[in-house]
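> Below are the sequence and a predicted model; questions follow.
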Protein chains: 2
Amino acid sequence: MPAPTEFLEYVDRNASGFINRLKEAVEIKSVSSDVSRRPDVIKMGEWLEKQLQALGVTTKQVDLGKHEMSGHTLQLPPAILGKIGEDKSKKTVLIYGHYDVQPAKLSDGWNQEPFEFVEKDGLLLGRGSTDDKGPIMGWINVLEAHQKLGKPLPVNLKFVFEGMEEYGSEGLDELVIREAQPGGWIHGVDCVCISDNYWLNTRTPALTYGLRGIDYYGITITGPGQDLHSGLFGRTVHEPMTDLIKLMGSLVDVNGGIKVPGVEELVPPPTEEELQLYHKMDYETADIEAAAGGPVALSQNKIDVLMGRMRYPSLSLHGIEGAFSDPGAKTVIPAKVTGKFSIRLVPPQTPAQVEPLVRAYVEQQFAALNSRNKMTFGSLHSGSPWVADINHWNFRAAHKAVKAVWGIDPDYTREGGSIPVTLTFAESLGVNVLLLPMGRADDGAHSTNEKLDRSNYIEGTKMLGAYLYEVAAESSA
Amino acid sequence: MPAPTEFLEYVDRNASGFINRLKEAVEIKSVSSDVSRRPDVIKMGEWLEKQLQALGVTTKQVDLGKHEMSGHTLQLPPAILGKIGEDKSKKTVLIYGHYDVQPAKLSDGWNQEPFEFVEKDGLLLGRGSTDDKGPIMGWINVLEAHQKLGKPLPVNLKFVFEGMEEYGSEGLDELVIREAQPGGWIHGVDCVCISDNYWLNTRTPALTYGLRGIDYYGITITGPGQDLHSGLFGRTVHEPMTDLIKLMGSLVDVNGGIKVPGVEELVPPPTEEELQLYHKMDYETADIEAAAGGPVALSQNKIDVLMGRMRYPSLSLHGIEGAFSDPGAKTVIPAKVTGKFSIRLVPPQTPAQVEPLVRAYVEQQFAALNSRNKMTFGSLHSGSPWVADINHWNFRAAHKAVKAVWGIDPDYTREGGSIPVTLTFAESLGVNVLLLPMGRADDGAHSTNEKLDRSNYIEGTKMLGAYLYEVAAESSA
């Protein structure tokens, strides 16, 4: 059952209103990993709840309690639960999204204030435009269209929106597991749809059936009681930076190979059938280099690049907290430094398997340094990888919706990123989970100059609506 | 000729006024390496000039022109030249100091706002209290005492104060060389006294006859066009941080040994006579660990620690610009990162000798990585090391002044830090240069909670005055 023409026309007619809705959302600085921004994250949750209520959604704010961050005890942003429609003859689709965003500063290299929404050259620019406020607004646009048209939705909808996804979704797993129980808010849904990832390129819509997991680590080296003058203390004391740089340098090689013994070995080689999937994908090395903005691909072989992103683990060194990081020349020996890095995990790797391997390796490497400084190792957050069945009706419905709106067949992809709650939904609800991306590979999520193409936002809104009609038409058999 | 009692008594009687003078100076945020603070540096120079003029000093502001910093073109803070007394029968002493300071943020770990002056438990706390505003105020206190007492100074004085010492003394060398010529402001002085370093410990005053030089470097790695999401791009592209960490890790070993071929080899082994000087020094490993605030000395042997600081080069890794440096967990692949490190040089090393060795080594190490990223290497600032003759009357006068005020003989030390202009004074004026420290080893210059002991400030003011009387008494023969 394709989406009715009046719905599609409504979306075109009201595009500018939909863009204003996204502007409002982007301009709320809901950075979940920044202590000083926590009130903005909570404000964003309340803004979102009002939007839902105005469109006839029954909502519930769930207090997820408090947590420790950077030495502060903070209130977690609420989870916003919603439901609309209770028609037993219709399927019920669970929608997930997150209303928090990554940090962003003009000085990171943005061409604009990151939290000032800009529409320019067919792009909708601003932090969160594509990750994940655009897709959330897409769902709200679908609700608005049906309310204004006086049309019932083809399915019942349940919503779970959180405000801590960019900081490890604290508190969410417990909530999902609890509400998935009989009598719970999301018990009995027929499938899950998450729109929080991206096309493989800038041309071809995608359906995503796998995600890498993540384990994000910190190595902290301490020794001196305070920062020291390198002239007065250079070559008299063990310098924490010297130790930390050695440890960070021992984790990964220049070609991305992970040097922690046992981590790569957990991953089986690809099957012939799997390799065929990669051969089929609409992709060239030029795509990754266009998206990355430079000729820096690790391989000129399309399959290597795709598998490096989708089905092999990766280790990235993100930075150092406590060292000199400003412009200029400060002759300091930092007293306490924390190196941040993360490993993206693939099936069958789990944080529980990998974390002890990394800890043991880092401890052994540090012991070998014979430094008199102290080292502590910890995991800041983690999530397991996930893979879904692409032959399920949920994927079939999404395939038809993509074909109907975009006129082409989607790529079937696995994603390099992590949305830990995906696995929690799959396991606690026991239903098929679909990732239905709205944005493109070059949107710059987690990066500078984040954008969502206007066409992806507007056609994407149509696609989300069309998906609901195709789900309604599918036999659940 | 010891300092007259009335001078010493005036200093004791007016201690609180002297402390207020230091408070005013500390609370001007004259951070020379921070673009946004440049107006405060200039304000500090003007404040200092007014102080000198009020005490009868003839002054001249010298415009040192503009320079490039962090992508901005900035006016350099002025050099403040001063002179008082033109009695041909008296010696003329040139005094140098710098009125700029190192960066400081509460978040670096200060127990107070770094630019709010605090007097507590016999300590004068605040950025710049010991480096170098305390000593400059000491000289001004000496001028005030003689003006108020209606006493002529025992010598003629010339002053050179600059506002860029913490950023490489830009523009100063040219000025000093020019003004040292016949007819120049500082031509014909008999000796130079610089108070911009520290005692070796917290007990024994010191006279310093050597300084390490410095060459401060940056390694910049670029590749991607913008910061990337580690989930989307991890294991698909060459990550600049991975390359940079490998290069930084190849520079120095955990025990402080410099791994750049040829750099250590430039330094001759110590002579027997030299070793005796180190044996005599009032020093224990406990002193360095007390000053460093932790049990992190590279050696338990006093001689090793002293020579590591005074007569061997050191290499310190200061930090990385462009990487993730905030609290929290950001899953970013930084697109452009600059690793900052510096080498402290000792005779006969010079930046001109060492910089090509470091460049060649870094370029060779980077080439060996076979990365598709780009690397650029540069020197941010540099200065040569320096050693003086401790048998000169300038040192003899200072020895007597220390003995008179503190009641003990000073240590004869070489300093690990760098004051590049020292060498410029020595070479352009052809006279003896003395470093006469006011502060202690644990003052925390360039570090958090910088302080100057009240006793070092007040007795130090007496010592500076006494030194001028002893200089006057010395035969220049």
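Cool, got the structure. Numbers count the residues shown, from 1 in each chain, chains lettered A, B, ... in the order given.
> ranges for the strands of the stretch 1-150 of chain A?
A:58-62, A:66-69, A:72-75, A:79-84, A:92-98, A:118-120, A:123-125 (DSSP state E, counting those that start in this stretch).
> Show me the domain layout of chain A.
A:5-212+A:386-473, A:213-267+A:312-383 (automatic domain parsing).
> list the contacts for A:L22?
Neighbouring residues of A:L22 by CB atoms under 8 Å, 6 or more residues apart in numbering or on different chains: A:117, A:124, A:129, A:133-134, A:137, A:452, A:457. Every residue, glycine included, has its C-beta placed from N, CA and C.
> just A:D196 next, same as before
So, once contact is read as CB under 8 Å, 6+ apart, A:D196 ends up touching A:96-98, A:131-132, A:135, A:165, A:419, A:435, A:437.
> How many neighbouring residues does A:G294 have?
For A:G294, the neighbour count with other CB atoms under 10 Å in any protein chain shown is 21.
> in the stretch 51-200 of chain A, what residue is nearest chain B?
Chain B sits closest to A:S70 of the stretch 51-200 of chain A, with a gap of 3.8 Å, by CB to the nearest CB.
> For A:V421, list the residues it contacts.
Contacts of A:V421 by CB under 8 Å, 6+ apart are A:96, A:162, A:165, A:169, A:172-173, A:176, A:383.
> of all the residues you listed, which comes closest to A:N156?
A:Y96 (15.5 Å; CB to CB).
> Buried subset of the contacts of A:D196, written for ChimeraX?
A single ChimeraX command selects the buried members of these (16 or more other CB atoms under 10 Å in any protein chain shown):
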select /A:96,97,98,131,132,135,165,419,435,437
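> Of the contacts of A:D196, which pair is most distant in space?
Farthest pair in these, by CB to CB: A:E165 and A:P437, 15.3 Å.
> Just put the domains of chain A in JSON lines and tack on mean pLDDT.
Converted to JSON lines, the domains of chain A look like this (pLDDT from 0 to 100):
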{"stretch": "domain A:5-212+A:386-473", "mean pLDDT": "96"}
{"stretch": "domain A:213-267+A:312-383", "mean pLDDT": "96"}
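> Rebuild these as CSV, extending it with distance to B:H279.
Formatted as CSV, the domains of chain A follow (distance: least, CB to CB, whole Å):
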stretch, distance to B:H279
domain A:5-212+A:386-473, 46
domain A:213-267+A:312-383, 17
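> Quick check: the residue of the stretch 101-250 of chain A nearest chain B.
For the stretch 101-250 of chain A, CB to the nearest CB, closest residue to chain B: A:G225, 1.8 Å.
> Run a quick neighbour tally on A:E272.
A:E272: 6 surrounding residues under other CB under 10 Å.
> Let me fix that, I meant to ask about A:A286.
Counted with other CB under 10 Å, A:A286 comes out at 13.
> Tell me which helix or strand A:C193 sits in.
Take DSSP states H and E as the rule and A:C193 turns out to sit in strand A:191-194.
> Next SSE downstream of that strand?
Assignment by DSSP H and E places the next element after strand A:191-194 at strand A:206-211.
> Who are the packing partners of the helix or strand just after that following strand?
Once the chain leaves strand A:206-211, the next helix or strand it forms, by DSSP H and E, is strand A:213-222. Packed against strand A:213-222, as judged by 3 or more CB pairs under 8 Å, 6 or more residues apart in numbering or on different chains; DSSP states H and E, are the following elements: helix A:240-249, strand A:336-345, helix A:351-369, strand A:374-383.
> Could you please name the strands strand A:213-222 pairs with and the direction of each pair?
strand A:336-345 (antiparallel), strand A:374-383 (antiparallel) (DSSP bridges).
> Among those, which comes closest to B:G65?
Comparing the strands paired with strand A:213-222 by CB to CB, strand A:336-345 comes nearest, at 37.0 Å.
> export that closest one as PDB, just CAs?
Extracted in PDB, the C-alpha atoms of strand A:336-345 (Å, rounded to 0.1, in the frame of the first residue of the first chain):
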ATOM      1  CA  LYS A 336      48.000  14.500  34.800                       C
ATOM      2  CA  VAL A 337      47.100  13.400  31.300                       C
ATOM      3  CA  THR A 338      44.300  11.200  30.100                       C
ATOM      4  CA  GLY A 339      44.500   9.600  26.600                       C
ATOM      5  CA  LYS A 340      41.100   8.900  25.000                       C
ATOM      6  CA  PHE A 341      40.700   6.100  22.400                       C
ATOM      7  CA  SER A 342      37.900   3.800  21.300                       C
ATOM      8  CA  ILE A 343      37.600   0.500  19.600                       C
ATOM      9  CA  ARG A 344      34.600  -0.100  17.200                       C
ATOM     10  CA  LEU A 345      33.500  -3.700  17.700                       C
END
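> Distance of A:R359 relative to A:L452?
Taking CB to CB, to the nearest Å as the measure, A:R359 falls 39 Å from A:L452.
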